[in-house]
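In: Sequence first, then the predicted structure, then my questions.
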Amino acid sequence: MSPTLDQAIRFCTSSDGARLAYATTGSGPPLVKAANWLSHLEFDNQSPVWRHWIQELSRDHTLVRYDERGCGLSDWTVDEFSLEAWVRDLEAVVDALELERFPLLGISQGGPIAIAYAARHPERVSQLILYGSYARGRNHRSLSDRQREERDLMLRMIGVGWGQDHAAFRQVFTSLFIPDATPEQAHWFNELQRVSTTPENAARIVGAFDTLDVRPLAPELDIPALVLHGSADLRVPFDEGRLLASLLPGARFVPLESRNHLLLESEPAWARFLHEVRTFLGLDDPEPIASGPGARSARARADLRRRVEAVFDEAVDLSPADRPAFLARACAGDAECRREVELMLELAEQSGITAKLARAVVTSAAPRSTMAPGQTVSQYELIEQMGGGGMGIVFKALDRRLGRSVALKFLPSDVSLEDEMGARFLREAKVVASLDHPNVCSVLEVEQLDDGQLFMVMPWYEGETLKQKIVRGPLAVDEAVDYASQVARGLAHAHAAGVVHRDIKPANLIITPSGQLKILDFGVAKVGDRSLTLAGAVLGTLSYMSPEQATGDPVDHRTDLWALGSVLYEMLIGKPPFQAARPDILLAALLHQDPPRVTALRPEVPAALEATVGRLLEKEPGRRYAAAAEVAAELDRMRLGSHR
């Protein structure tokens, strides 16, 4: 990890009397960084989020940084937040240091400020370096209704939760800025939000950023410019970076493979960023700076991160009581691994407290059951436990009366016919049981034991789940289209009966030896306007949830179409369109990010099929297909066309 650098902090005054704190580090010709939101000169110099930036940019230059008005060590009580005020602040810092000519760096919102300053003082700016930036704020972009709702929700969240000691509200922003952060980095960024400014200032600043627009100024500049942008930036869309580069005459545009709005020290994109910036400034690439005794190399950090994510994926599904013993085995004496997993678990639990996002990730503990293979329940002999989760435990069983194999799903022991939920479940399970379609696994009956525990009886199918098939690699295109068409036909039948599945995923789709697909497990289904599960809960599997289902909004049959798109994507590529180590990060990706294009990862996939996947994964339900039958018909046309 990069050591802390000595810095000299001084103060100057802007033209309206606002006192500004600025700092210099390193030596050599000046490199000025325009202020961007979330800064605190003293805190940043110790932070694992900013420290590597400060160190590397100070290697061959005197790096000039300053806290913008309303933030950090600068005055928090100010009257104006605007582009004009921010440009005047940059002028004040440059004049205080008596700088004549220098490269100007703009990160995020610092980009429009740097462009406006360069337009006003072209004789002073030798080169422009813009990272993760934009030419127009959100108020000047063509936002969908959902994007406008998210923008307004974020502003409300800032006002409500920014200054609280609990980090849950701030964790939402951390997940957007640095989704791949280690627990330590996430903790520091959460704290930076708390110490950098007040909730009132934060809301005013973000609102002012939304109004920025330097599109008329950028084409008038005659200054060498380098524009870099993360290809999957969750905070500022990649297309805004491309637009910015297109507006600056002769600008070089460099896409970086990163989801992080602020590049992290261990990711390959950071090394690429440094190389491009140093080349642009006419500097040679140096040897990496030693990170101090006991520090891990970048490769070792990457290996640690993969291990931490793998351990977390298993630990998060365990009860709190079972986690310590598991972590002791899984981390095998690696204290840093265990510390990071424990912090990730803490952050995952904190991340669900906000009024709307709190319902986005519901993890039900697996029900404990006294059932075991060899027992006889009613007329059924339990053969083997096949799986279990928050909605029940599944056994393969022998129906001794009819001599057939069946699947028994035992519901959580606290669900009985005597309570409202159990009675409602029975009524609505009858609707699901009425489904009769070749691609739907029906419910044969629902029974109750003497102790009140409910269980469902379903057919037992030989074969393997789609999840098991995908583990061996992506499917052939024709095979993926065939299975997706069968899912669509089964969903069309269920939707016509008013049943929405809400948990379509590869593990709930079984392929029989004859190639017939069956949709399993309507345990979290919705019948009409009622749910078979607890009211208000968001159940399902987050990787396959539509944005509206993940945020707890009302859902209809189109949520199943989104899930079908995710499954089809995974069949073609071998992995889901959205993946992340933590549920809050995954939620942010679902809401704000587009998955990599199918043909970018698998060029032989037909363009028409890629378009079908894209339409199924539209974030706005109204832009998806209107019905599953329409999807089935389109897939069938592709399937038949491929055999002509």
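Out: Looks like it arrived, so ask away.

In: Just the endpoints, please. Distance across stretch 65-76?
Out: Across stretch 65-76, the terminal residues are separated by 17 Å (C-alpha to C-alpha, to the nearest Å).

In: Which residues outside stretch 377-388 are in contact with it?
Out: With C-beta atoms under 8 Å, 6 or more residues apart in numbering as the test, stretch 377-388 has contacts from 366-367, 369, 371-376, 393-401, 405-408, 447, 449, 455, 457. For every residue, glycine as well, the C-beta is placed using N, CA and C.

In: Where does pLDDT dip in the stretch 301-450 of the chain?
Out: Where the stretch 301-450 of the chain drops to pLDDT under 70, the residues are 301-303, 305-306, 309, 313, 316-317, 344, 346-370, 387-392, 412-432.

In: let me fix that: the stretch 101-250 of the chain
Out: 160-169.

In: so where do the helices sit in it?
Out: Applying DSSP state H, counting those that start in this stretch to the stretch 101-250 of the chain gives helices spanning 110-120, 145-161, 168-177, 183-196, 199-210, 238-247.

In: Can I get those helices in a markdown table including distance to Leu327?
Out: What follows is the helices of the stretch 101-250 of the chain, written out as a markdown table (distance: least, C-beta to C-beta, whole Å):
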| stretch | distance to Leu327 |
| --- | --- |
| helix 110-120 | 41 |
| helix 145-161 | 30 |
| helix 168-177 | 21 |
| helix 183-196 | 13 |
| helix 199-210 | 36 |
| helix 238-247 | 37 |
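
In: out of the ones you listed, nearest to Glu479?
Out: helix 238-247 (32.3 Å; C-beta to C-beta).

In: who are the neighbours of that closest one, in terms of helices and strands?
Out: Contacts defined by 3 or more C-beta pairs under 8 Å, 6 or more residues apart in numbering; DSSP states H and E place helix 238-247 against strand 225-230, strand 252-256.

In: Point out the most buried one among the ones you listed.
Out: For the helices and strands packed on helix 238-247, average neighbour numbers computed from mean count of other C-beta atoms under 10 Å are highest in strand 225-230, which has a mean of 25.

In: Please enumerate the strands of the stretch 501-644 of the chain.
Out: Assigned by DSSP state E, counting those that start in this stretch, the strands in the stretch 501-644 of the chain fall at 509-511, 517-519, 526-527, 530-531.

In: Which of the ones you listed has the lowest mean pLDDT?
Out: Looking at these, the lowest mean pLDDT belongs to strand 530-531 (a mean of 45).

In: if we can go back for a sec, please identify which of the helices and strands packed on helix 238-247 is closest to Val311.
Out: Among these, if distance is taken as C-beta to C-beta, the winner is strand 225-230, at 26.6 Å.

In: now the helices of the stretch 101-250 of the chain as TSV including distance to Asn45 and mean neighbour count?
Out: Shown next, in TSV, are the helices of the stretch 101-250 of the chain (distance: least, C-beta to C-beta, whole Å; neighbours: other C-beta atoms under 10 Å):
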stretch	distance to Asn45	mean neighbour count
helix 110-120	18	25
helix 145-161	25	16
helix 168-177	18	24
helix 183-196	12	20
helix 199-210	21	19
helix 238-247	27	19
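
In: re the thing from before, from the contacts of stretch 377-388, keep the buried residues only.
Out: 366-367, 371, 393-399, 406-408, 455, 457 (16 or more other C-beta atoms under 10 Å).

In: now, the most widely separated pair of the residues you listed?
Out: Ala366 and Asp399 (25.7 Å).

In: what packs against the helix ranked longest in the chain?
Out: Looking across the chain with DSSP state H, the single longest helix is helix 477-496. Applying 3+ C-beta pairs under 8 Å, 6+ apart, one finds that helix 477-496 contacts strand 509-511, strand 517-519, helix 558-573, helix 628-641.

In: In the third one, which residues are buried?
Out: Going by neighbour count (16+ other C-beta under 10 Å), the buried part of helix 558-573 is 558-573.

In: how does the chain divide into domains?
Out: 8-143+182-280, 298-355, 376-459, 464-641 (automatic domain parsing).

In: want to throw those into JSON lines with distance to Leu155?
Out: Listed next are the domains of the chain as JSON lines, based on distance: least, C-beta to C-beta, whole Å:
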{"stretch": "domain 8-143+182-280", "distance to Leu155": "6"}
{"stretch": "domain 298-355", "distance to Leu155": "13"}
{"stretch": "domain 376-459", "distance to Leu155": "34"}
{"stretch": "domain 464-641", "distance to Leu155": "16"}
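
In: In contact with the residue nearest to Asn139 when sequence neighbours are not counted, which residues?
Out: Leaving aside its sequence neighbours, Asn139 sits nearest to Asp210 (C-beta to C-beta, 6 or more residues apart in numbering; 4.5 Å). Applying C-beta under 8 Å, 6+ apart, we find Asp210 in contact with 137-139, 151.

In: same deal with Arg252?
Out: Here Arg252 is in contact with 225-227, 245, 280 (C-beta under 8 Å, 6+ apart).

In: coming back round to it: out of the contacts of Asp210, who's nearest Phe312?
Out: Distances from Phe312 to these, taken by C-beta to C-beta, are shortest for Arg151, at 30.4 Å.

In: I'd like the distance between the closest one and Ile158.
Out: 11 Å (C-beta to C-beta, to the nearest Å).

In: again with Arg235
Out: 14 Å.

In: how about this structure, which residue sits the furthest from its center?
Out: Ranking residues of the chain by C-alpha distance from their mean position (C-alpha atoms, centre = their mean) puts Arg401 at the top, at 49.9 Å.

In: Name the nearest residue to that residue, ignoring sequence neighbours.
Out: Per C-beta to C-beta, 6+ apart, closest to Arg401 is Gln379, 4.5 Å.

In: How about Arg204?
Out: Phe81 (5.2 Å).

In: go on, Phe253?
Out: Nearest one to Phe253, counting by C-beta to C-beta, 6+ apart, is Ala245 at 3.8 Å.

In: That neighbour reaches Val227, doesn't it?
Out: Yes. The pair Ala245 / Val227 is scored as a contact, 4.0 Å apart, by C-beta atoms under 8 Å.

In: intersection of neighbour lists for these two?
Out: Counting by C-beta under 8 Å, 6+ apart, the common neighbours of Ala245 and Val227 are 251-253.

In: can you pull up the bridge partners for Leu398?
Out: Listed by DSSP bridges, the beta-bridge partners for Leu398 are Glu381, Ser405.

In: Tell me who's in contact with it.
Out: 380-381, 383, 404-406 are the contacts of Leu398 under C-beta under 8 Å, 6+ apart.

In: repeat for Glu68
Out: Shown in contact with Glu68 (C-beta under 8 Å, 6+ apart): 20, 35-37, 39, 74, 86, 89, 205.

In: Kindly recompute the last result at 10 Å.
Out: For Glu68, the contact set (C-beta atoms under 10 Å, 6 or more residues apart in numbering) comprises 18, 20-21, 34-39, 74, 78, 81, 85-86, 89-90, 109-110, 113, 196-197, 205.

In: cool, His261 as well?
Out: 107-108, 131-132, 176-179, 229-230, 233-236.

In: Could I get the contacting residues of the residue lying closest to Ser196 once chain neighbours are set aside?
Out: Excluding the flanking residues, the one nearest Ser196 by C-beta to C-beta, 6+ apart is His40, at 4.8 Å. Counting by C-beta under 10 Å, 6+ apart, His40 touches 21, 46-47, 50, 67, 71-74, 191-193, 195-197.

In: same question, Leu283
Out: Counting by C-beta under 10 Å, 6+ apart, Leu283 has contacts 59-61, 274-275, 277.

In: sorry, back to before: so which of the domains of the chain gets nearest Gln171?
Out: Among those, domain 298-355 sits nearest to Gln171 (C-beta to C-beta), with 4.8 Å.

In: didn't Arg602 look like it was pressed against Glu570?
Out: No. Arg602 is beyond contact range of Glu570, at 11.9 Å (criterion: C-beta atoms under 10 Å).
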